[in-house]
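Undergrad: generate coordinates for the sequence data below:
(one chain, ligands or ions: 2)
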Amino acid sequence: MRKFDGDKLLVATHNAGKLQEMTEMLAPHGVTVVGAAAMDLPEPEETEDTFVGNARIKAHAAAKATGLPALSDDSGITIDALEGAPGVYTADWAETGQGRDFMMAMTRANDEITAKGPDAPRTAQFRCTLVLAWPDGHDEVFEGVMPGTLVWPIRGEHGFGYDPMFMPDGYDITCAEMEKEEKNSISHRGRAVQAFLAGCFG
Ligand SMILES: O=P(O)(O)OP(=O)(O)OP(=O)(O)OC[C@H]1O[C@@H](n2cnc3c(O)ncnc32)[C@H](O)[C@@H]1O
Ligand SMILES: [Mg+2]
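TA: Ligands and ions are numbered 1, 2, ... in the order given. Predicted structure coming up:
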C-alpha cells in the first residue's frame, strides 16, 4: 500500500459536515486538511452506482486538478426494509432543486419503511468509502460501516444530514444527540479514517 507522506491533505468534499469530522480526526495526527471549496474545485458529477465508483471520481478529479494527493468520501445509508435504498442515492433523496432538505429526506425514509408494514425491520447501516488518489492515477480504498436503527420522530441538534434519525447499535441516543468525539469514535467515517491511518501512515 502506498504511504501518504505529506502534511497537507486535500479532502475532496463539498460537504461541510464531512470536512469538519475529517479535520477533527486527522489534525491530531499532524495532517493539515484543506477542503475542496477552499481550493475552488468544481463538484464532479457522481455518475457511478457504487460508493467506491463515486469516491474514485471525486478523488481522482481533485488530485488531477491540484497535483496533490486527494482523499474523497462517498457515503450514505442502506435501509434493510428498502433493499439497501437509498444507498448511493442518499444525497439525492434530499435534493429539492433549491438546495438539500434533510427533513424531507428523513420523512421519506420513515414513510417508506412504515409502508412496508408493522413488522418491517427499522435496521440500517451508515456506510463510508474513502479513496485516496494521487495525481499519477494510483489510489487506495478504505471502508467503514456503522450499524443501527432508524428512529422516529427525529432527535438531536448535532451533526448533519440523516444524523437525527440514526441510532447506532448499543446506544439509546441518535448521532445528532452525541458529542462529536463520540460519533467519530464509532461512525462509518471514523472507522474508514482509522483504516486510512493504519494503512497509509507511518
Ligand atoms: O459528494 P461530497 O461533496 O463529498 O458531499 P455529499 O454531501 O454530496 O456526499 P455524498 O455524495 O457522499 O452523499 C452522502 C449523503 O449521505 C449523508 N451522510 C453521509 N454521512 C453522514 C453522516 O455521518 N451523518 C449524516 N448523514 C450522512 C449526507 O448528508 C449525504 O446526503
Ligand atoms: Mg455528493
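Undergrad: now do the helices in this protein.
TA: Ranges of helices within the chain are 16-26, 51-66, 102-114, 180-186, 188-200, based on DSSP state H.
Undergrad: buried set for the fourth one?
TA: Same thing as helix 180-186. Using 16 or more other Cβ atoms under 10 Å as the test for burial, helix 180-186 gives 182-184, 186. For every residue, glycine as well, the C-beta is placed using N, CA and C.
Undergrad: quick one: which of those residues is nearest ligand 1?
TA: Ranked by distance to ligand 1 (Cβ to the nearest ligand atom), the buried residues of helix 180-186 are led by Lys183 at 7.3 Å.
Undergrad: so what's the closest one closest to, chain neighbours aside?
TA: Distance criterion Cβ to Cβ, 6 or more residues apart in numbering; nearest residue to Lys183, sequence neighbours excluded, is Cys175 at 5.2 Å.
Undergrad: my guess is that neighbour contacts Gly159, does it?
TA: Yes. Between Cys175 and Gly159 there is a contact under Cβ atoms under 8 Å: 5.2 Å.
Undergrad: out of these two, which sits in the more crowded spot?
TA: Comparing Cys175 with Gly159 by other Cβ atoms under 10 Å, the one with more neighbours is Cys175, at 27 against 20.
Undergrad: give the contact list for the more buried one.
TA: 156, 158-159, 163-164, 166-168, 183, 187 (Cβ atoms under 8 Å, 6 or more residues apart in numbering).
Undergrad: ok, and which of those residues reach ligand 1?
TA: Restricting the contacts of Cys175 to those touching ligand 1 (Cβ under 6 Å from any ligand atom) yields 159, 163, 187.
Undergrad: for beta bridges, what are the partners of the closest residue to Leu19 other than its chain neighbours?
TA: Distances taken as Cβ to Cβ, 6+ apart put Gly35 closest to Leu19, at 4.5 Å, once the chain neighbours are dropped. When assigned by DSSP bridges, Gly35 has beta-bridge partners Val11.
Undergrad: tell me how many other residues surround the residue in the chain positioned nearest to ligand 1.
TA: Of all residues in the chain, Gly161 sits closest to ligand 1, at 2.4 Å by Cβ to the nearest ligand atom. A count of neighbours around Gly161, defined by other Cβ under 10 Å, yields 23.
Undergrad: try His14
TA: Using other Cβ under 10 Å, His14 is surrounded by 14 other residues.
Undergrad: Ala38 is in contact with that one, correct?
TA: No. At 10.5 Å, His14 and Ala38 do not qualify as touching, with contact defined as Cβ under 8 Å.
Undergrad: so what's the spatially most central residue of the chain closest to, chain neighbours aside?
TA: By Cα atoms, centre = their mean, the chain has its centre lying nearest to Ser75, at 3.6 Å. Leaving aside its chain neighbours, Ser75 sits nearest to Cys128 (4.2 Å; criterion: Cβ to Cβ, 6+ apart).
Undergrad: likewise Glu45?
TA: Nearest residue to Glu45, sequence neighbours excluded (Cβ to Cβ, 6+ apart): Ile57, at 7.6 Å.
Undergrad: so who does the one you found touch?
TA: Counting by Cβ under 8 Å, 6+ apart, Ile57 touches 44-48, 72.
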